[in-house]
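> Got a sequence here, can you build the structure:
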Amino acid sequence: MTLRVAFLGYRFMGTAHANALARLPMFFPDAPDTHRQVLIGRDESALAEAADRLGFAETATSWREIVDDVDVFYNLAPNYLHADPAVAALENDVHVLSEKPLAHTLSDAERMAAAAADTDATAAVAFNYRFLPAVARAKTLVESGELGEIRAFRGQYLQDWLTDPTAPWSWRTDADLAGSGALGDLGAHTLDLARFLVADVARVSGHTRTFVDERPDPESDETRAVTVDDAFTAQLAFENGAMGTVEASRVAPGRKNDHRIELDGTDGALRWSLERPNELLVRRSGARGFERELVTEADDPYVDRWWPPGHVLGWEHAIVHENYEFLRAAATDESHDPDFQAGLAVQRLLDAILRADAEGRWVEC
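Numbers count the residues shown, from 1 in each chain. Model prediction:
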């Protein structure tokens, strides 16, 4: 069976997912066959160029025209456009992969999760960092008990693309379109890894800050208000008794895409950074410090599909692995982890952190 695929969106993440579909037959021959059928966007000339470049057979300017004519729907649009297309696709039993965060509001995320619960179609949210071999290896170490009882989680995601106050306004700086700023854009990834590696979160505190209140409108000589956070910090109280801290910023000079996590357990600890994605630093019981593991051996997660040991993988490979798992689940009408319920759980944390900041108190999740 060949799965007919539609993409809503064709820029950064559209290119990343199209690249993944092109790589799968070469490196994951047991993945379902796919046909890149239709690419959806508003700008017809840009859409035609993108369809040719990304390997799509057709284009459309409305998702409503095609949502019931394909097998798989990738929602790669801005956050405010996640809910309606995804719900419509799921109501037609079309499998859906939605970029993160699941939505721009908690109510839309709840609507998406409810639609996913009412269908046999597979619904996935794109928390791609779960599928990096080193992060998957970290999960194995936690589940094996090698680190003991997890006591603390620390997560940090820093970028610098909005450090310059003259950087232009975009949908990512508008609360009505994005929902939040660094919190949802970056923090959603870290909060998902916190749940993935440790446990559900019981309550949070939060602090958000906007440092640049307005930015140049790229389509005029005017400025437009920035209505989302540039940075946030939060404290987490996990249901299993562990404690956590999370922060993200899009105004951190010199940080291009610096995502870090650390875990402390009763018998050991681990550290990982996206800037060195193939390395896991592990401190085992009895050791004096951390030992470096290069996660490129054939018995490491996914690595047997790629290159000989020591030949490192990068960011794009997580997208390939994510697509492999999602499409295999879709082809057999099975659930996928992370699903829309996982996306909703993170959305609830985003909402709780915003409320905690606004109310100046811990908020139950």
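> now the strands for the stretch 1-150 of the chain?
Ranges of strands within the stretch 1-150 of the chain are 2-8, 33-40, 58-60, 72-75, 95-98, 123-125, 150-158, based on DSSP state E, counting those that start in this stretch.
> and the third one, average pLDDT?
Model confidence over strand 58-60 averages 97 on the pLDDT scale.
> buried ones in it?
Using 16 or more other C-beta atoms under 10 Å as the test for burial, strand 58-60 gives 59-60. Just so you know, the C-beta spots here come from the backbone N, C-alpha and C atoms, and that holds for glycine as well.
> and if you look at the second one?
Neighbour-count burial for strand 33-40, counted by 16+ other C-beta under 10 Å, picks out 34-40.
> will you turn these into TSV that also has distance to residue 244?
Output for the buried residues of strand 33-40, formatted as TSV (distance: C-beta to C-beta, whole Å):
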residue	distance to residue 244
34	38
35	43
36	40
37	42
38	42
39	39
40	38
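> Include distance to residue 349 and pLDDT when you put those into a markdown table, please.
Shown next, in a markdown table, are these (distance: C-beta to C-beta, whole Å; pLDDT from 0 to 100):
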| residue | distance to residue 349 | pLDDT |
| --- | --- | --- |
| 34 | 33 | 98 |
| 35 | 37 | 98 |
| 36 | 34 | 98 |
| 37 | 35 | 98 |
| 38 | 34 | 98 |
| 39 | 33 | 98 |
| 40 | 30 | 97 |
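> Let me know the closest of these to residue 124.
residue 34 (14.6 Å; C-beta to C-beta).
> Contacts only, for that closest one.
For residue 34, the contacting residues are 2-5, 21, 24, 72, 327, by C-beta atoms under 8 Å, 6 or more residues apart in numbering.
> who wins for neighbours among those?
For those, counting by other C-beta atoms under 10 Å, the largest number of neighbours falls to residue 327: 27 neighbours.
> The contacts of residue 34: which two are farthest apart?
Maximum pairwise distance in the contacts of residue 34, criterion C-beta to C-beta, is 15.3 Å, between 4 and 24.
> just the contacts of residue 34 now: which is nearest residue 300?
Closest to residue 300, out of all of these and judged by C-beta to C-beta, is residue 24, at 19.4 Å.
> pLDDT value on the closest one, please?
98.
> Spatially nearest residue to it (excluding sequence neighbours)?
residue 31 (4.4 Å; C-beta to C-beta, 6 or more residues apart in numbering).
> Need the nearest residue in space to residue 47, chain neighbours excluded.
Closest residue to residue 47 apart from its sequence neighbours, by C-beta to C-beta, 6+ apart: residue 41 at 4.2 Å.
> Domains in the protein, by residue range?
The record's domain parsing of the chain by automatic domain parsing lists 2-128, 130-312+341-364.
> which residues touch stretch 299-313?
By C-beta under 8 Å, 6+ apart, the residues outside stretch 299-313 that reach it are 27-28, 131-133, 136-137, 140, 277-278, 294-298, 317, 321.
> Quote the end-to-end distance of that stretch.
Separation of the first and last residues of stretch 299-313 by C-alpha to C-alpha, to the nearest Å is 15 Å.
> in that stretch, what counts as buried?
So, applying 16+ other C-beta under 10 Å, buried residues of stretch 299-313: 300-303, 305-306, 312-313.
> try stretch 190-199
Here stretch 190-199 shows 190-199 as buried, counting by 16+ other C-beta under 10 Å.
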